[in-house]
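1. Curious how this folds, go ahead:
(chains A and B)
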Amino acid sequence: MVFKKWIYALVRSMRGLPLMAWHWLVAPFRFKTLFKGFVSQEIRGRYAGSIGGLAWSVLTPLANLPIYIFVFSVIFQIRLKPIETGTDSFVVYLLVGLLPWIAFSEALGSSPGIILNKANLITKVAFPFEILPVAEVVVTFILNGLGFMLLIGYLVIKGYFHWMWLYLPLVVMTQVLFTLGLVILIAGLSVFVRDIRQFIGVVLQLWMYLTPILYPVSMVPEKFMGIFKLNPMYPFIELYHQILLQHTISWGLVAYATALAVFFFLSGVAFFGRARHAFADVL
Amino acid sequence: MYAIKAQNLTKHYRVYLRPLDRLKEALTRRPCHQLVRALENVSFQIPHGQTLGIIGENGAGKSTLLKILAGTVTPSSGHLKKKGRVAALLELGSGFHPEFSGRGNIHLNAALLGLTESEIREQEGAIIEFAELAEVIDRPVKTYSSGMYMRLAFSIATSVDPDILIIDEALGVGDQKFQQKCVDRMMGFKEAGKTIIVCSHSMFMINTLCAESIWLADGGMRSHGKTSTVISEYLAYLEEGVSKTKEDKAAASGPGAPMPQIMAEELLLLDESENPIDTARQFQTLIFQIKTCCIGPPIKGHLGLIIERPDGQPIFTTTTQSAGFAPLEFAGRQTMRLVVPSIPFFSGNYLAKVVIADEHVVRAIHELKCEPFLVESDHPEFGMLWMAHEWVLDAKSAPAATEPKDCGGRACR
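-> All right, here's what the predicted structure looks like:
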């Protein structure tokens, strides 16, 4: 009968969830000034005092690029078949998957600190702190969007453009929602389980190797494919590859990605909504 | 109409000795925590435009109560109703980003307090002016002195024009001049009919600002009512504690020893038969009776008495130092008097002010003004005060017929 109790609790917490989710989505518009303030604080705060400034948001992701290329393209000799991947250039294939991944991994990597680092503010000032994770995700995607735009420009020059690209915003929006959900969840959870901060980096590193970024999916042995597809980042990265390089779109993957995004977003919202009252007590 | 209505506010904190205990409890549902009762059944109502003081020892639950009122902490049980915009100054400058300019921080902080963009633009100039930071406002806040930092924070927080202002011990910032500005602004809020809730260890501030007060002890309301009553109860309780700790010699010098605090409690005007008066006749004997109260260990200092015109122009000032006394030792409750055998003032309103100053008479520790008193005079001269005088005339111009008038010398004696 324990399960019955849990189901009741679940149903109870689901009530009002659509409204809460709606509040999250309109929060940046309702608290426009505050949102703008946090976004600009976040952007300027990241590079405050540095000479490179915004250029770093493009340069940092490229730091690992030579090593990836050397290890995977030169040593492991990964060869791409244009029929499968849409390109024979390892660099192009790598970047198309890597840049969206970096946006996701940066947002997630900083999520444990979103509430924890603002402890002073949260215990002393009453304000809608839904704004914080939203601002974090928006900033991360804007900054990484710069590099992505450069990549898009490069692809256009190289003749990769196709009308299929019009589906790209759909994938980006879904990825943002998915990332936001996970960021909300971890930001809230980290207040209670501070250890998350310590191991999130390792988890993200492992996660990246399990996502088809450094190698094409076709290289994954058939018997592992079932488990491999359980990786929630798999549909997103694959969709980028499909749309940008192969000029196709698998609606099954879109449905999978959307379901993941909605599920994680709602879970995050539900958890955060219940836990937020305890933040000031624990911080 | 009530601005704030609190019913049975209770806050219990679960304190876990180790983080692991929290996990254990969540998984096994077996309590692994210690319960801290920070606040227990606190109920009160504040009408619009009232000022409420909250006093109590450290750890009595004052901050918890203020956090609940401000909305950052959710009560474990009980109800709270608030009407109007609430601005809370629980800590000055909590939201500042050190790398940003003062101006940038104004924008973010004001937004945190709920101002819209147009309101912020409107207020920006006034905020900078009040903080007296016009020259440095575009410099990063990390280059500010702590006084400048606090001035900016206070200026932003009070520019919100709240209906309800909650302040936690925040006014002890900046130099004397700025402190005075802060107090003036608070008084302005009070006069504008705002609801203010102040928590402070400074009885003087509570006394001047608040009509009603709450005394919190161990999370509960020990007393609630007129400020003067609550304060004297609280002071009496502290005094009791002090005398107890005095007996207990070891504890006297411990870190828990209370801060020395001294205040002038009462300034009374008496006539020569020691009856309180508010109207005096010129040349009568006037006694200024001063009651002081010292909480905690005795303090050395001097007493001063200033008589002023209603416009604040001092007429006469005397201190125990100028009279040649060594610094007085204030301890507990004391009564002292300044006797003026003959008051030389002409008709008019006057004000007496007692000042308790430090032993060098550099810093005023506490001031207390009495009600204005009236002096009546039936002398033909006029002005502010009567001086001994004598006319010496040219013999030719003096008409022998008139008797030279006795110039009030009789009354002077």
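2. going forward, measure contacts between C-alpha atoms and count neighbours the same way
-> Fine.
3. what about the longest helix along chain A, near chain B?
-> Longest helix of chain A, by residue count under DSSP state H: helix A:251-282. Yes: for helix A:251-282, a contact with chain B is found by CA under 8 Å from any CA of the partner chain, at A:His277, A:Ala278, A:Ala280, A:Asp281.
4. could you give the mean pLDDT of that helix?
-> Helix A:251-282 comes out with an average pLDDT of 91.
5. next one: stretch B:370-380
-> 83.
6. B:Thr208 is in what secondary structure piece?
-> helix B:203-209 (DSSP states H and E).
7. Could you identify the helix or strand that succeeds that helix?
-> Sequence-wise, the next helix or strand downstream of helix B:203-209 (DSSP H and E) is strand B:212-217.
8. Does anything pack onto that next one? Which helices or strands?
-> Secondary-structure packing of strand B:212-217 (3 or more CA pairs under 8 Å, 6 or more residues apart in numbering or on different chains; DSSP states H and E): strand B:51-55, strand B:220-226, helix B:227-247.
9. show me where the stretch 1-150 of chain A has helices.
-> With helices called from DSSP state H, counting those that start in this stretch, the stretch 1-150 of chain A shows them at A:2-14, A:17-30, A:32-47, A:55-62, A:65-68, A:82-85, A:90-116, A:119-124, A:131-157.
10. Any buried residues in the longest helix of chain A, and which?
-> A:254, A:257-258, A:260-261, A:263-273, A:276, A:278-281 (16 or more other CA atoms under 10 Å in any protein chain shown).
11. Output the helix or strand containing B:Ile120 as PDB, nothing but the C-alphas.
-> Under the criterion of DSSP H and E, B:Ile120 resides in helix B:117-131. The C-alpha trace of helix B:117-131 is given here as PDB (Å, rounded to 0.1, in the frame of the first residue of the first chain):
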ATOM      1  CA  GLU B 117      12.800  49.900 -15.100                       C
ATOM      2  CA  SER B 118      11.200  53.300 -15.400                       C
ATOM      3  CA  GLU B 119      11.000  53.700 -11.600                       C
ATOM      4  CA  ILE B 120      14.700  52.900 -11.400                       C
ATOM      5  CA  ARG B 121      15.600  55.500 -14.000                       C
ATOM      6  CA  GLU B 122      13.500  58.000 -12.100                       C
ATOM      7  CA  GLN B 123      15.100  57.200  -8.800                       C
ATOM      8  CA  GLU B 124      18.700  56.800  -9.900                       C
ATOM      9  CA  GLY B 125      19.700  60.400  -9.400                       C
ATOM     10  CA  ALA B 126      18.100  60.600  -6.000                       C
ATOM     11  CA  ILE B 127      19.800  57.400  -4.900                       C
ATOM     12  CA  ILE B 128      23.200  58.700  -5.900                       C
ATOM     13  CA  GLU B 129      22.600  62.000  -4.300                       C
ATOM     14  CA  PHE B 130      21.500  60.600  -1.100                       C
ATOM     15  CA  ALA B 131      24.400  58.200  -0.900                       C
END
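12. and that helix, which residues are buried?
-> Neighbour counts over helix B:117-131 (16+ other CA under 10 Å) mark B:Glu117, B:Ile120, B:Gln123, B:Glu124, B:Ile127, B:Ile128, B:Phe130, B:Ala131 as buried.
13. Tell me who's in contact with the nearest residue to A:Ala21 once chain neighbours are set aside.
-> Nearest residue to A:Ala21 in three dimensions, chain neighbours excluded: A:Val269, at 6.2 Å (CA to CA, 6 or more residues apart in numbering or on different chains). Contacts for A:Val269 (CA atoms under 8 Å, 6 or more residues apart in numbering or on different chains) come out as A:Leu17, A:Met20, A:Ala21, A:Trp24, A:Gly181, A:Ile184, A:Leu185.
14. If you rank these by neighbours, which is first?
-> Of all the contacts of A:Val269, the highest neighbour tally under other CA atoms under 10 Å in any protein chain shown goes to A:Ile184, namely 30 neighbours.
15. Quick check: nearest residue in space to that one, chain neighbours excluded?
-> A:Gly268 (5.2 Å).
16. How many neighbouring residues does residue 6 have?
-> Going with chain A. 11.
17. Chain B, not that one
-> Neighbours of B:Ala6 under the rule other CA under 10 Å: 18.
18. For it, give me its contacts.
-> B:Val42, B:Ser43, B:Phe44, B:Gln45, B:Gly78, B:His79, B:Leu80, B:Lys81.
19. Get me the contact residues on chain B for chain A.
-> So chain B meets chain A at B:13, B:19, B:67, B:70-74, B:88-91, B:94-95, B:97, B:99, B:107-108, B:111-114, B:116-117 (CA under 8 Å from any CA).
20. By proximity to chain B, which residue of the stretch 51-200 of chain A wins?
-> The minimum distance from the stretch 51-200 of chain A to chain B, using CA to the nearest CA, falls at A:Ala126 (4.9 Å).
21. Not counting residues beside it along the chain, what's closest to that residue?
-> What sits nearest to A:Ala126 in space, not counting adjacent residues and going by CA to CA, 6+ apart, is B:Thr72, at 4.9 Å.
22. where does the one you found fall, phi/psi-wise?
-> phi -90, psi -20 (degrees, to the nearest 10).
23. can you pull the pLDDT of it?
-> Turning to B:Thr72, the model gives it a pLDDT of 87.
24. okay but it is in contact with A:Ile122, surely?
-> Yes: contact criterion CA atoms under 8 Å: B:Thr72 and A:Ile122 qualify, at 6.9 Å.
25. still on that earlier bit, just the residues of chain B next to chain A: which are in helices?
-> B:Pro19, B:Lys67, B:Ala70, B:His107, B:Leu108, B:Ala111, B:Leu112, B:Glu117.
26. which of those are buried?
-> B:Lys67, B:Ala70, B:His107, B:Leu108, B:Ala111, B:Leu112, B:Glu117.
27. among those, which two are most distant?
-> Set against one another by CA to CA, those have their most distant pair in B:Lys67 and B:Glu117, with a gap of 26.3 Å.
28. With distance to B:Pro297, neighbour count and secondary structure added, can I get the contacts of B:Ala6 in a markdown table?
-> Listed next are the contacts of B:Ala6 as a markdown table, based on distance: CA to CA, whole Å; neighbours: other CA atoms under 10 Å in any protein chain shown; DSSP: H, G, I helix; E, B strand; the rest coil:
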| residue | distance to B:Pro297 | neighbour count | secondary structure |
| --- | --- | --- | --- |
| B:Val42 | 32 | 19 | strand |
| B:Ser43 | 34 | 17 | strand |
| B:Phe44 | 34 | 15 | strand |
| B:Gln45 | 36 | 16 | strand |
| B:Gly78 | 40 | 16 | strand |
| B:His79 | 41 | 13 | strand |
| B:Leu80 | 40 | 19 | strand |
| B:Lys81 | 41 | 12 | strand |
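29. ok, so of those residues, who is nearest B:Glu57?
-> Nearest to B:Glu57 among those, counting by CA to CA, is B:Val42 at 16.3 Å.
30. winner for burial among the helices of the stretch 1-150 of chain A?
-> helix A:90-116 (a mean of 21; mean count of other CA atoms under 10 Å in any protein chain shown).
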